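[1] Structure, please.
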Amino acid sequence: MSFMTSLASIIKKPSKHKKEIRLVLITIGIALLLFTLINCGDIFRVFVIIVGALYLFTTEKLPIELTAFLIMVVLMIFNIVTPTEGVSGFSNSATITVMAMFILSAGIQKTGIIHILGRHIFSFAGNNELKQILAISMIVGPMSAFVNNTALVAIMLPMVLDLAKRSKIPSGRLLIPLSFVAMSGGTLTLIGNSTNILASSILESSGFPAIEMFEFTNLGIIMLLATIAFFVFFGRFLLPYSGAEKNNEENEIENDFLAEIIIEKGSKLIKKSLKKSGFLEKNELKVIKLIRGDNSFVKDCENMPLEEGDIVLIKADEQRIFDLDKNSKDGIKLLLDFDETKKRFPAGTGQIVKVVVRSSTMFHQKSLSAINFWKKFNATVVGIQRDDVSEKRLSNMPLKTGEIILIKTNKQTLTEIQNSNDFVVLETVEKEFNTEKMWTAMAIVIGVVIVSALRIMPIMVSSLTGVLLMIFANCLDFKSFRTNVNWNIIFVLAGVIPLGIALEKSGAAEEVAKIILFLANFLPPIFILGIFSLFTLFLTSIISNNASVILLIPIALSVAEKLELNPFSFVLAVIFASSMTFLTPVGYQTNAMIFSAGNYKFKDFFKVGAPLSIILVVISTLLIVKFWGL
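    Numbering: from 1, shown residues only. Next up is the predicted model:
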């Protein structure tokens with residue numbers, strides 16, 4: 001049978017041959033892409049790679065660091081960059097500096113400075129929402145200038161949730177300000193976020209002076225104050241749940257967890273229903289689904305007579321799930337990792353804690369069965385905070401970055417999880433801090449900043465020196481090199497840096513610049529600067545801010561050169577706009593971390609972030625022109 005006859009046979013029965021059709025189409029697509037890349041010039045190849053990268057970054061079909069690694073390899077395969085240029089991202093000063101800053105941030109975190117500071121400032125806020133937003137801003141804004149903002153939000157998240165709980169204010173009223181102010185605070189100094197460091201490295205490699213530590217602090221202060229003022233006078237009225245009075249049963253339901261229980265042999269509920277037996281009312285549970293063998297029952301399942309081995313998908317608050325775990329009631333047992341065969345903790349032992357899924361590489365769009373949670377973390381999952389149930393079993397449901405889960409573990413493992421970059425522990429758990437080294441850690445970080453600001457040594461050298469001092473002073477142990485570095489960001493930086501080289505080397509940046517130059521015939525230069533800010537803002541909302549900077553700074557430099565304008569002003573427009581990732585929960589990791597914890601909807605970020613973004617784009621464009629000129 002010929003290929004065309006086989007293909008026609010497959011197409012006639014799409015439901016039966018769905019996988020075959022998909023495989024054929026993917027094969028054809030890859031073949032066409034390779035043919036195009038082989039038979040076209042470097043400029044077109046770069047544009048094809050950029051479009052493919054944007055697609056993968058946006059859809060997350062692959063982990064973003066794997067996409068970045070793929071970009072690097074493809075660029076070398078087609079000789080768009082040399083092998084040395086292709087791997088230059090791993091030795092780039094920006095990559096090394098960002099890695100060092102993660103470790104320095106960990107030193108600050110482990111000595112407890114932020115927790116102690118937060119406890120004192122929160123003491124004056126009381127139950128007043130406005131004071132709470134100001135208190136959060138007072139800590140997060142200035143600290144973001146020197147501590148990685150992702151790490152800072154991870155530290156502050158449990159504290160803010162605890163404050164919201166004690167003051168009976170919905171957490172959704174406080175977590176967006178936490179994330180947005182942390183991002184704005186990152187514009188205060190060169191080391192405020194990885195994007196700033198990366199932009200300075202690109203600028204230096206293009207023949208311009210590197211950005212100094214406090215070179216744009218004046219504008220950063222204004223941007224931070226504008227962000228805080230926005231929430232004080234206007235933005236807080238756009239936040240979800242307009243008042244504390246709405247923190248009622250309706251919101252409590254949204255905070256409930258999905259879990260699974262199994263009807264054990266000899267259970268008193270066999271041949272009885274969950275509803276008529278009073279089990280649901282007594283334990284304050286809601287039944288979502290009953291699973292019996294290969295069959296699932298949703299409609300009126302709470303009234304179905306139970307059989308041995310039935311699995312029931314329930315919805316309940318964390319306390320009810322704790323109770324089910326500690327005390328098996330009426331022959332009903334809570335499933336660990338949603339698998340009745342697993343007996344990893346003896347009955348009544350272990351500790352259940354609430355954590356936010358933080359690592360996109362480890363968890364995003366992966367099911368619990370695929371993750372093999374117990375093997376990786378010596379812990380089991382007992383609940384997932386989610387409304388929808390798209391799969392038959394919870395073990396087959398793909399997790400999302402920022403999602404809240406309940407895990408059961410022992411005390412020793414819990415300490416390791418608290419120190420991990422994979423989670424943010426939301427429980428109020430006693431945590432040991434090395435407070436004796438508090439001022440030592442602070443002195444080291446301040447020393448790194450001063451040495452760099454005075455140009456005694458480059459920021460990469462001063463930050464690496466600071467890492468060594470942290471270890472020699474016992475503020476951190478050597479293990480911190482592995483556990484406290486966000487390797488996702490390191491690999492993204494190393495992977496996308498060659499793309500910036502390819503943009504310049506191939507002439508692709510210049511071709512895009514020509515299109516923008518066409519607009520310059522009709523618009524004044526300040527509008528061109530504003531267009532760069534808006535486009536960066538849009539791009540950063542769907543891909544990483546680091547990738548946006550890599551793509552746009554070469555184009556910005558080319559446009560500035562052609563128009564005979566100040567290139568530094570255009571670079572600053574890109575830097576500041578890349579720190580305004582307010583429109584979606586997926587544009588920046590701090591937004592993803594608070595998304596589930598604050599019970600937000602996707603539209604909540606756009607509702608609050610759009611007006612703030614417009615305000616900050618206008619302010620930054622006008623002040624860049626005023627301070628640095630065009």
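[2] Look up how far Gly495 lies from the nearest residue to Ser506 once chain neighbours are set aside.
    Closest residue to Ser506 apart from its sequence neighbours, by Cβ to Cβ, 6 or more residues apart in numbering: Asp42 at 3.9 Å. From N, CA and C alone the C-beta is placed, and that goes for glycine too. With distances taken as Cβ to Cβ, to the nearest Å, Asp42 is found 19 Å from Gly495.
[3] what residues are up against the residue nearest to Ser506?
    78, 80, 502, 505-508 (Cβ atoms under 8 Å, 6 or more residues apart in numbering).
[4] Can I get those residues in CSV including neighbour count?
    CSV is the format used below for the contacts of Asp42 (neighbours: other Cβ atoms under 10 Å):
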residue, neighbour count
Phe78, 18
Ile80, 24
Ala502, 29
Lys505, 18
Ser506, 20
Gly507, 15
Ala508, 26
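[5] give me the low-pLDDT residue ranges for the stretch 1-150 of the chain?
    Scanning the stretch 1-150 of the chain for pLDDT under 70 picks out the ranges 1-41, 58, 60, 115, 117-124.
[6] which residues of it fall in helices?
    3-12, 18-38, 42-59, 64-77, 83-86, 88-91, 93-110, 113-122, 129-143, 149-167 (DSSP state H, counting those that start in this stretch).
[7] Export these as CSV, with columns for distance to Ile555.
    Formatted as CSV, those follow (distance: least, Cβ to Cβ, whole Å):
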stretch, distance to Ile555
helix 3-12, 42
helix 18-38, 22
helix 42-59, 11
helix 64-77, 17
helix 83-86, 19
helix 88-91, 19
helix 93-110, 18
helix 113-122, 38
helix 129-143, 31
helix 149-167, 26
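[8] out of these, nearest to Met593?
    Checking the helices of the stretch 1-150 of the chain against Met593 by Cβ to Cβ gives helix 149-167 as the closest, at 5.9 Å.
[9] what angle separates that closest one from helix 93-110?
    30 degrees (axes from the mean of the first three to the mean of the last three Cα atoms, to 10 degrees).
[10] Going by contacts, tell me the helices and strands next to the helix or strand just after helix 149-167.
    For helix 149-167, the following helix or strand on the C-terminal side (DSSP states H and E) is helix 172-185. Applying 3 or more Cβ pairs under 8 Å, 6 or more residues apart in numbering; DSSP states H and E, one finds that helix 172-185 contacts helix 129-143, helix 149-167, helix 217-233, helix 589-597, helix 602-628.
[11] export helix 172-185 as PDB, just CAs?
    This file holds the C-alpha atoms of helix 172-185, laid out as PDB (Å, rounded to 0.1, in the frame of the first residue of the first chain):
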ATOM      1  CA  GLY A 172      -6.100  38.300  47.500                       C
ATOM      2  CA  ARG A 173      -6.100  41.900  48.900                       C
ATOM      3  CA  LEU A 174      -2.400  41.700  49.900                       C
ATOM      4  CA  LEU A 175      -0.600  39.300  47.600                       C
ATOM      5  CA  ILE A 176      -0.800  41.300  44.300                       C
ATOM      6  CA  PRO A 177       0.700  44.300  46.100                       C
ATOM      7  CA  LEU A 178       3.500  42.000  47.500                       C
ATOM      8  CA  SER A 179       4.400  40.700  44.000                       C
ATOM      9  CA  PHE A 180       4.100  44.000  42.100                       C
ATOM     10  CA  VAL A 181       6.000  46.100  44.700                       C
ATOM     11  CA  ALA A 182       8.800  43.500  44.700                       C
ATOM     12  CA  MET A 183       9.100  43.800  40.900                       C
ATOM     13  CA  SER A 184       9.200  47.600  41.100                       C
ATOM     14  CA  GLY A 185      11.800  47.500  43.900                       C
END
